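Undergrad: This is a predicted model, with the sequence first.
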Amino acid sequence: MPTFRVWKDSQILNGENEFIFDMTDFDYTDFNDFLMRNDVLLLNKMHTMNMQNQEREAIAETANIRLITDSMLDKHGLDLYEILNGTDCLITDYSSVIIDYLLTDKPMIFTPTDLEAYSETRGLMLEPYDTWMPGDIALTYKRLKAALYQAIYGEDLYHAERERLKRMTHKYIDAKSTERVLSLARELLGSY
């Protein structure tokens with residue numbers, strides 16, 4: 001789940017690489033073979049605004065790579081977070097979904113391949129980046145595969161870092177947010 005990039009005339013204005021498929025050493029065939037060998041299904045959810053670009057619509061799907069679109073979610077009456085909760089790992093760059101995904105306590109892999117350009121144009125929510133990201137930072141395709149393999153089969157090396165960040169970003173972790181919001185809405189509406 002990469003974050004939003006500003007586009008103009010098919011050019012990315014605030015970063016060079018949009019996601020793992022844009023890594024300079026990325027090998028699509030090898031990656032697909034890697035996913036198949038390890039029985040991994042990669043769900044690729046591009047940012048809604050970036051999906052409007054023709055180039056993004058041409059992302060190849062295979063038996064082990066599936067593109068998730070907003071229209072697909074709407075058609076099946078699903079919210080993205082219902083799917084996200086069912087995943088085993090998150091691969092992202094700067095997306096705020098990192099904060100939400102902390103609640104799953106599952107591994108994360110970060111791919112900030114355009115960190116300097118993105119930081120200069122959009123800014124980062126947490127700096128310095130590598131201090132705040134509770135997971136492997138993969139800047140190359142080789143490192144991405146190693147990080148994904150570690151997330152699947154290895155020891156969870158970042159559990160304590162995820163817990164630290166979760167304590168700083170979430171007041172509640174009890175799955176009762178809807179009840180609190182409804183209670184506040186009732187309270188506010190009752191005062192009118």
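TA: Okay, I see it. Residues are numbered from 1 along each chain as shown.

Undergrad: Contacts for stretch 74-87, please.
TA: The contact list for stretch 74-87 (Cβ atoms under 8 Å, 6 or more residues apart in numbering) reads 1, 43, 45, 68, 73, 90, 97, 100, 101, 104, 106. Heads up, the C-betas are built off the backbone N, CA and C, glycines and all.

Undergrad: Mind checking which of those residues are buried?
TA: With burial judged by 16 or more other Cβ atoms under 10 Å, the buried subset of the contacts of stretch 74-87 is 1, 45, 68, 90, 97, 100, 101, 104, 106.

Undergrad: Same list as before, these that is, but in JSON lines and with distance to residue 78 and pLDDT included.
TA: Shown next, in JSON lines, are these (distance: Cβ to Cβ, whole Å; pLDDT from 0 to 100):
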{"residue": "1", "distance to residue 78": "15", "pLDDT": "67"}
{"residue": "45", "distance to residue 78": "12", "pLDDT": "83"}
{"residue": "68", "distance to residue 78": "9", "pLDDT": "86"}
{"residue": "90", "distance to residue 78": "17", "pLDDT": "95"}
{"residue": "97", "distance to residue 78": "16", "pLDDT": "89"}
{"residue": "100", "distance to residue 78": "16", "pLDDT": "91"}
{"residue": "101", "distance to residue 78": "17", "pLDDT": "94"}
{"residue": "104", "distance to residue 78": "17", "pLDDT": "93"}
{"residue": "106", "distance to residue 78": "19", "pLDDT": "96"}
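
Undergrad: on that earlier part again, most widely separated two among the contacts of stretch 74-87?
TA: The distance between the two most remote of these (Cβ to Cβ) is 20.3 Å, for 73 and 106.

Undergrad: ok, and for stretch 75-82, which residues are buried?
TA: Neighbour counts over stretch 75-82 (16+ other Cβ under 10 Å) mark residue 80 as buried.

Undergrad: what does stretch 100-120 give?
TA: Quick answer for stretch 100-120 (16+ other Cβ under 10 Å): 100-104, 106-115, 118-119.

Undergrad: mind checking the end-to-end distance for that stretch?
TA: Separation of the first and last residues of stretch 100-120 by Cα to Cα, to the nearest Å is 25 Å.

Undergrad: residue ranges for the helices of this structure, please.
TA: Along the chain, counting by DSSP state H, helices occupy 28-37, 54-57, 70-75, 80-84, 97-101, 115-121, 129-132, 141-153, 159-169, 177-190.

Undergrad: pLDDT on the fourth one, on average?
TA: Rounded to a whole number, the mean pLDDT of helix 80-84 is 89.
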